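In: need a 3D model of the following:
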Amino acid sequence: MQTDVIRHPAIPAADLESPPLAQADTIPSRWYWDPAFDRLDRDAIFARTWQGVGHAGQVREEGQYFCADVAGNPVIVVRDKAGVLRAFYNVCRHRGGPLATEPEGCVRALQCKYHGWTYLLDGSLRGVPQFDRVELFDRKDYGLVPIRVAEWEGQVFVNLWPEAAPLSQFVDGIAERIAPVRMGALQFVRRVEYDIACNWKVYVDNFLEGYHVPHVHPELVKLYDFQSYQTHCYEWYSLQHSPLSGQANLYTSGEGEAFYYCLFPNYMLNILPGRLQTNLVLPTGPTHCRVVFNYFYAEADSPAVRRLVEEDLVYSDGIQREDIDICERVQRGVESRAYDRGRFSVQFEEGVYHFQRLIKGAYRAFLAGDGTRRA
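Out: Here you go, the predicted model:
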């Protein structure tokens, strides 16, 4: 891996402190638009956390693969001949060419699309065309660079940082809390993407609180019992949950519970009876992001569920359009001369406070090092 000197922003020590919720300010507005913080987010957060990149259905069989981008790095996830799930940088060791250019597919081997170097599915180098005259060259020294990969409840995660704790530590307790729901048993049905003119942190802030729901989502208010809305924060994730309102709706007869998890920094699980929606928030610049929604359902092949899927997609799109509008307006607000920091609602914004505290911790830990490692 290459190393170089990276210029990250100088942050006053006071900005990295986390007073108690009732006394705390929100993060400075500069963190939402300054390009220096966009690069810091990549290095201090996205390159050091477990990143959701796909689902198990994409790599169920030998040779199936999919590609992703993590902290600006091309990644490929593949199932090898022994059934082992593997991840590598999607980068040939010859001159940096891509091993795959299609977003997903199925192959017998990984072959560089630039000069034809061929790798087995375990990452070992096998074929090197026209290289017989090269001296002091050993194939064993030029295998693909591996990346940590893990599967949990049907979702696939990778981590570029070798020193990170295992994924199991980050998701501890979620599967038990939502039982008898089994997310891994649900079937993938649809992927929807939105490009949004706001910093990724603006979007995550918005997800993490129900404070805005009565004002931005009048239809969504009818779905839940907001008098019972609660937020619980754990080491690496937060949970917002509420009983359903009891009124019949497109999901159920009105009974059950809604769970909204946010796994730091950018992965959400929206769990309703018979349905899972995952949200992945990807920065695409200092003031833009892309949100990827994957929809999973129980008994997805039944006619009734197929009708539900179409209704759900329309309903969810309407909610998302409302969120996009307010998040883009908030982005303009935090870039204005009128705003620098705000305060938190203790009742409704504990999740936002928790998220911003984790951001400060990630910045603090990264900047305490030499800052020269390039992910």
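
In: surely G184 is in a strand?
Out: No. Assigned with DSSP: H, G, I helix; E, B strand; the rest coil, G184 falls outside any strand and is helix.

In: residue contacts, the residue nearest to S29 when sequence neighbours are not counted?
Out: Of all residues not flanking S29 in the chain, V334 sits nearest, at 4.4 Å (C-beta to C-beta, 6 or more residues apart in numbering). For every residue, glycine as well, the C-beta is placed using N, CA and C. V334 makes contact with S29, Y32, W33, N199, V202 under the criterion C-beta atoms under 8 Å, 6 or more residues apart in numbering.

In: pLDDT value on V334, please?
Out: Looking at V334, its pLDDT is 98.

In: that older thread, so of the contacts of V334, which ones are in helices?
Out: Among the contacts of V334, the ones falling in helices (DSSP state H) are V202.

In: can you put the contacts of V334 in a markdown table and add neighbour count, pLDDT and distance to V84?
Out: Output for those, formatted as a markdown table (neighbours: other C-beta atoms under 10 Å; pLDDT from 0 to 100; distance: C-beta to C-beta, whole Å):
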| residue | neighbour count | pLDDT | distance to V84 |
| --- | --- | --- | --- |
| S29 | 18 | 98 | 46 |
| Y32 | 24 | 98 | 41 |
| W33 | 18 | 98 | 42 |
| N199 | 28 | 98 | 37 |
| V202 | 23 | 98 | 39 |
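
In: which among the contacts of V334 gets closest to N90?
Out: When the contacts of V334 are compared for distance to N90 (C-beta to C-beta), N199 wins out at 26.5 Å.

In: the closest one against V330, yeah?
Out: No. Using C-beta atoms under 8 Å, N199 and V330 do not qualify as a contacting pair, with a distance of 9.4 Å.

In: overlap in contacts of these two?
Out: Counting by C-beta under 8 Å, 6+ apart, nothing touches both N199 and V330.

In: re the thing from before, now the contacts of V334 as a markdown table including distance to Y89?
Out: Formatted as a markdown table, the contacts of V334 follow (distance: C-beta to C-beta, whole Å):
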| residue | distance to Y89 |
| --- | --- |
| S29 | 35 |
| Y32 | 30 |
| W33 | 30 |
| N199 | 27 |
| V202 | 30 |
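
In: please enumerate the helices of this protein.
Out: 35-40, 167-170, 174-178, 200-207, 213-216, 218-221, 303-334, 350-367.

In: what's the closest of the ones you listed to E193?
Out: E193 lies closest to helix 303-334 among the helices of the chain, at 10.6 Å (C-beta to C-beta).

In: from Q155, how far out is the closest residue to R93 other than its chain neighbours?
Out: In space, and not counting its chain neighbours, R93 is closest to Y142: 4.3 Å by C-beta to C-beta, 6+ apart. Counting by C-beta to C-beta, to the nearest Å, the gap from Y142 to Q155 is 32 Å.

In: ok, those two, which is more surrounded?
Out: Taking neighbours as other C-beta atoms under 10 Å, Y142 and Q155 compare with Q155 leading, 24 against 15.

In: quick check: which of the helices of the chain is buried the most?
Out: helix 200-207 (a mean of 23; mean count of other C-beta atoms under 10 Å).

In: that one versus helix 303-334: what angle between them?
Out: In terms of direction (axes from the mean of the first three to the mean of the last three C-alpha atoms, to 10 degrees), helix 200-207 departs from helix 303-334 by 120 degrees.

In: any idea how far helix 200-207 is from the middle of the chain?
Out: Offset of helix 200-207 from its chain centre (C-alpha atoms, centre = their mean, to the nearest Å): 12 Å.

In: report all helices and strands that that helix contacts.
Out: Helix 200-207 sits against strand 257-263, strand 275-285, strand 288-297, helix 303-334, helix 350-367, with contacts defined as 3 or more C-beta pairs under 8 Å, 6 or more residues apart in numbering; DSSP states H and E.
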